[in-house]
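Trainee: task: produce atomic coordinates for the following.
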Amino acid sequence: MAARLRSLSTSIAGWHGDERTDGSPLIDPELIALRRTRLFGATGTVLMAIGALGAGARPVVQDPTFGVRLLNLPSRIQTVSLTMTTTGAVMMTLAWLMLGRFALGKRKMTRSDLDRTLLLWALPLLIAPPMYSKDVYSYLAQSQISLQGDDPYRVGPATGLGLDHFFTLSVPSLWRETPAPYGPLFLWLGRGISALTGENIVEAVLFHRIVVLLGVGMIVWATPRLARRCGVAEVSALWLGPANPLLFMHLVAGIHNEALMLGLMLAGTEFALRGIDAAGPLLPRPWVWPRDTRQWARWYPMAMLVAGTVLITMSSQVKLPSLLALGFVAMALAHRWGGTVKAFFIAGGALTALSLAVMAVIGWASGLGFGWLFTLGTANVVRSWMSPPTLLALGTGQVGILLGLGDHTTAVLALTRLIGVTLIAVIVTWLLFAVLRGRLHPVGGLGVALGVTVLLFPVVQPWYLLWAIIPLAAWATRPGFRATAIAATLLVGIFGPTANGDRFALFQIVMATLASTVIVVVLIALTYRRLPWRPIPEPPPPPEPPTAKSDAYAESS
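Mentor: Numbers count the residues shown, from 1 in each chain. All right, here's what the predicted structure looks like:
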């Protein structure tokens, strides 16, 4: 099975075709295979939603399934629920791989076909309990603290609400004493949700999922437009980015605020690049009031640039790393103005001033100020194996213990994380100057910078990979990148932790994994001739029309 997956992913990654065209339409056998693939993936997300009733991150109190005979059954057979969730995730990921045949080949599916697939796969997860993470309950607790008038950047859920509060009870114990690490815009939105829903956990979770949907909608809107700027086929970018299984599993099902952060960042980047592309050597002077329609048209570039800067800054007020996009927009603007030192300082200074003004307005209007700047390192208490600097420190510490040198993990961890952050600063600076000199597209620079940030960040979560995958999907066309993105998705999406919303015993995880493997192998065998596990044969070429010479020969005979 592993060899078959490698073969399928390698063939998909190598089929890139002509990226500057949308390709020819699918033929009838491909359309049939596309519909079956869509149904196969939708069946997987339905299984995920059902399994989440027992294996998801259900609240400790106010569980709507408690006491309901049918809905409460999965919670009593958790190993079966975990098997259903894992099997569904694998089915959806395999369907995504097969869908790549129709997104990266010479003949591509239409945008509407892909949009329908995205909607169909997401629908079952919208009404399912949170999955793979309990972060949404931290959102609720921190928002409730803000609603009560306390500062969520100073107190955690246990202190601000009390250990017996039903929001606090659903927060993982690791985060009950920690302040909020999120920006004021997100907590402001959460405070509004708490004011609307009161102390109803289910309603509050559904409202947060609506916020996630708004973010996903902006991602789906911006990705194809950015792809057109980079000469990449829209469907190819949408398949690798917004249709990625990690987005369904961790943003839609897991309800993470990365959806809002990425949506605002990508939409802001698109608006800003529109303004830069439409601008002349100099933007119109702001003190000249337009007198006719033609003069109003001259203000269009500035309006787009301002709108893009505002959106990017708003995204940073959800999570700070998205502010990198503003640096690449500023360098693109400076390049547009000639790439001189003067252009560098004018573009960088103007956008920085506007961004700081937007931050000040959000901090003042929300009443939360700039306290978030002092809680950015909250997540560093986690020792994430997905972070290379952290993994290196943990390995070095274990070697020291084995050699009898003592446990120096904490000291080594501080050093490796410092080196990682320094490398991020150096590489991002080099990428910014590459954009300034016109040697790198700003979308590509942003994607690579976020990829380096994720790779060298002190803490890496599975959904952080989307920071880099989605913008790079709109820019990179090399099969090597696509193969890497596919491999990372398979590793994190299938073989990574599949249900960290609840705690499971080791034997449950092993049994669920074995059962899921058997089920998937049987499904592959049953659908081997009906789904596009193999390349669809090319249609025979149309017969050549008879030539004039052959017609004359027929008449003479």
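
Trainee: from here on, just use CA atoms for contacts and neighbour counts.
Mentor: Noted.

Trainee: average pLDDT for whichever helix or strand Thr86 is part of?
Mentor: Assigned by DSSP states H and E, Thr86 belongs to helix 78-99. Per-residue pLDDT values over helix 78-99 give a mean of 90.

Trainee: spatially nearest residue to Leu114 (excluding sequence neighbours)?
Mentor: Val235 (7.3 Å; Cα to Cα, 6 or more residues apart in numbering).

Trainee: surely that neighbour is in contact with Asp113?
Mentor: No: with contact defined as Cα atoms under 8 Å, Val235 does not count as touching Asp113 (9.5 Å).

Trainee: shared neighbours, these two?
Mentor: Common neighbours of Val235 and Asp113, using Cα atoms under 8 Å, 6 or more residues apart in numbering, do not exist here.

Trainee: between the two, which one's more packed in?
Mentor: Each of Val235 and Asp113 has its neighbours counted (other Cα atoms under 10 Å); Val235 has more, 28 against 15.

Trainee: next SSE after the helix or strand where the more buried one lies?
Mentor: Secondary structure assignment for Val235, by DSSP H and E: helix 234-240. Later in the chain than helix 234-240, the nearest helix or strand by DSSP H and E is helix 245-246.

Trainee: from Thr93, how far out is the spatially most central residue of the chain?
Mentor: Of all residues in the chain, the one closest to the mean position by Cα atoms, centre = their mean is Leu466, 3.4 Å from it. Using Cα to Cα, to the nearest Å, one gets 15 Å for the distance from Leu466 to Thr93.

Trainee: strands along this protein, start to end?
Mentor: Counting by DSSP state E, the chain has no strands to list.

Trainee: returning to what we had before: pLDDT at the residue nearest to Leu114, what is it?
Mentor: pLDDT, read off for Val235, is 92.

Trainee: buried stuff in stretch 116-126?
Mentor: Applying a neighbour-count criterion of 16 or more other Cα atoms under 10 Å, one finds 117-118, 120-122, 124-126 buried in stretch 116-126.

Trainee: and it, C-alpha only, in CSV?
Mentor: The C-alpha trace of stretch 116-126 is given here as CSV (Å, rounded to 0.1, in the frame of the first residue of the first chain):
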residue,chain,number,x,y,z
ARG,A,116,-18.5,21.8,-5.7
THR,A,117,-15.9,19.3,-4.4
LEU,A,118,-14.7,21.7,-1.7
LEU,A,119,-18.2,22.4,-0.6
LEU,A,120,-19.3,18.8,-0.6
TRP,A,121,-16.3,17.6,1.5
ALA,A,122,-16.7,20.5,4.0
LEU,A,123,-20.4,20.2,4.7
PRO,A,124,-20.3,17.1,7.0
LEU,A,125,-17.5,18.6,9.0
LEU,A,126,-19.4,21.9,9.7
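
Trainee: can you list the neighbours in contact with it?
Mentor: Counting by Cα under 8 Å, 6+ apart, 38, 41-42, 45-46, 48-49, 209, 243, 248, 252-253 sit against stretch 116-126.

Trainee: work out the gap between that stretch and the centre of the chain.
Mentor: Taking Cα atoms, centre = their mean, to the nearest Å, one finds stretch 116-126 lying 16 Å from the centre of the chain it belongs to.

Trainee: ok so, going back, can you name the residues that contact the residue nearest to the centre of the chain?
Mentor: 241, 246-247.

Trainee: Gly348: which of these is nearest?
Mentor: Gly348 lies nearest to Gly241 out of the contacts of Leu466, by Cα to Cα, at 29.3 Å.

Trainee: ok, and the closest non-adjacent residue to the closest one?
Mentor: Spatial nearest neighbour of Gly241, excluding adjacent residues (Cα to Cα, 6+ apart): Ile470 at 4.3 Å.

Trainee: next one: Leu392
Mentor: Leaving aside its sequence neighbours, Leu392 sits nearest to Thr416 (Cα to Cα, 6+ apart; 7.5 Å).

Trainee: per-residue confidence at that neighbour?
Mentor: 81.

Trainee: and what of Glu19?
Mentor: Value listed for Glu19 in the pLDDT field: 47.

Trainee: show me how far stretch 309-327 is from its chain's centre.
Mentor: With Cα atoms, centre = their mean, you get 15 Å for stretch 309-327.

Trainee: span of it from start to end?
Mentor: Rule used - Cα to Cα; the end-to-end distance of stretch 309-327 is 10 Å.

Trainee: and if you look at stretch 469-489?
Mentor: For stretch 469-489, the end-to-end distance is 10 Å (Cα to Cα).

Trainee: how many other residues sit next to Ala414?
Mentor: Counted with other Cα under 10 Å, the neighbours of Ala414 add up to 15.

Trainee: could you list the domains of the protein?
Mentor: 1-129+504-538, 130-282+298-383 (automatic domain parsing).

Trainee: in TSV, list those along with distance to Trp430.
Mentor: Shown next, in TSV, are the domains of the chain (distance: least, Cα to Cα, whole Å):
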stretch	distance to Trp430
domain 1-129+504-538	27
domain 130-282+298-383	11
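
Trainee: of all the ones you listed, which one is nearest Val448?
Mentor: domain 130-282+298-383 (10.8 Å).

Trainee: I figured Ala334 hits Ala350, correct?
Mentor: No: here Ala334 does not reach Ala350: they are 10.8 Å apart, not a contact under Cα under 8 Å.

Trainee: give me the more crowded residue out of those two.
Mentor: Just comparing Ala334 and Ala350: by other Cα under 10 Å the higher neighbour count belongs to Ala334, 26 against 11.

Trainee: ok, that one - contacts?
Mentor: Residues counted as contacts of Ala334 (Cα under 8 Å, 6+ apart) are 340, 343-344, 346-348, 436.

Trainee: so which of these are in helices?
Mentor: Using DSSP state H, 343-344, 346-348, 436 are the members of these that sit in helices.

Trainee: tabulate those residues (JSON lines), appending pLDDT and distance to Ala89.
Mentor: Putting those into JSON lines (pLDDT from 0 to 100; distance: Cα to Cα, whole Å) gives the following:
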{"residue": "Ala343", "pLDDT": "88", "distance to Ala89": "49"}
{"residue": "Phe344", "pLDDT": "91", "distance to Ala89": "47"}
{"residue": "Ile346", "pLDDT": "90", "distance to Ala89": "49"}
{"residue": "Ala347", "pLDDT": "90", "distance to Ala89": "45"}
{"residue": "Gly348", "pLDDT": "91", "distance to Ala89": "44"}
{"residue": "Leu436", "pLDDT": "91", "distance to Ala89": "42"}
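
Trainee: quick check: the farthest pair among those residues?
Mentor: Ile346 and Leu436 (13.0 Å).

Trainee: neighbour count: those two, which is higher?
Mentor: Per other Cα under 10 Å, whichever of Ile346 and Leu436 has more neighbours is Leu436, with 27 against 16.

Trainee: hmm, that one is touching Gly339, no?
Mentor: Yes: using Cα under 8 Å, Leu436 is in contact with Gly339, at 5.9 Å.

Trainee: how near is Arg36 to Ala303?
Mentor: Going from Arg36 to Ala303 by Cα to Cα gives 45 Å.

Trainee: over to Arg154?
Mentor: Arg154 is 38 Å from Ala303, by Cα to Cα.

Trainee: before we move on, back to that, number of nearby residues for the residue nearest to Leu392?
Mentor: 19.

Trainee: repeat that for Ala55.
Mentor: 33.

Trainee: my guess is it contacts Arg76, does it?
Mentor: No: Ala55 is not in contact with Arg76 according to Cα under 8 Å; the separation is 10.1 Å.

Trainee: how about the contacts made by the nearest residue to Arg209 once chain neighbours are set aside?
Mentor: Distance criterion Cα to Cα, 6+ apart; nearest residue to Arg209, sequence neighbours excluded, is Ile255 at 5.8 Å. Shown in contact with Ile255 (Cα under 8 Å, 6+ apart): 130, 135-136, 208-209, 212.

Trainee: would you turn those residues into CSV with pLDDT, neighbour count and distance to Leu506?
Mentor: Below are the contacts of Ile255 laid out as CSV (pLDDT from 0 to 100; neighbours: other Cα atoms under 10 Å; distance: Cα to Cα, whole Å):
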residue, pLDDT, neighbour count, distance to Leu506
Pro130, 90, 32, 22
Asp135, 88, 21, 23
Val136, 91, 22, 25
His208, 93, 20, 32
Arg209, 93, 25, 31
Val212, 94, 24, 32
